[in-house]
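Peer 1: no sequence for this one, just the structure:
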């Protein structure tokens, strides 16, 4: 009998459609250049992401603390 392990997993990927923004991080308090990213959900097979299930939410990510902040489009 074969066992197939599948599911979903979220991954943060860079977003090239928006520019970087310099601001103060609301979480760690440092002045940083926020990175534009997308939080995408992928279908996984044996814990390997196979294909994206959605476009993903737009967000800013602090390079110091890695905290995500959703951005409005």
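Peer 2: Ah, there it is. None of these values were measured; they are calculated from a predicted model. Residues are numbered from 1 along each chain as shown.
Peer 1: strands of the chain, start to end?
Peer 2: 6-14, 21-24, 31-45, 48-52, 57-61, 68-70 (DSSP state E).
Peer 1: how about those strands in CSV, adding mean pLDDT and mean neighbour count?
Peer 2: C-beta: built from backbone N, CA, C; applies to glycine. As requested, these are exported to CSV (pLDDT from 0 to 100; neighbours: other CB atoms under 10 Å):
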stretch, mean pLDDT, mean neighbour count
strand 6-14, 91, 12
strand 21-24, 93, 11
strand 31-45, 94, 16
strand 48-52, 91, 12
strand 57-61, 93, 18
strand 68-70, 91, 13
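Peer 1: gap between the residue of the chain positioned farthest from its centre and residue 44?
Peer 2: Outermost residue of the chain with respect to the C-alpha centroid, by CA atoms, centre = their mean, is residue 1; its distance is 36.5 Å. According to CB to CB, to the nearest Å, residue 1 stands 21 Å off from residue 44.
Peer 1: could you give the bridge partners of the residue nearest to the spatial centre of the chain?
Peer 2: Closest residue to the average C-alpha location of the chain: residue 12 at 2.3 Å, with CA atoms, centre = their mean. Taking DSSP bridges as the rule, residue 12 bridges to residue 39.
Peer 1: give the contact list for it.
Peer 2: The contact partners of residue 12, by CB atoms under 8 Å, 6 or more residues apart in numbering, come to 37-40, 59, 61, 68.
Peer 1: and it, how far is that from residue 4?
Peer 2: 27 Å.
Peer 1: also residue 26?
Peer 2: 42 Å.
Peer 1: more neighbours, the two?
Peer 2: When neighbours are counted by other CB atoms under 10 Å, residue 26 and residue 4 differ, and residue 26 comes out ahead with 9 against 6.
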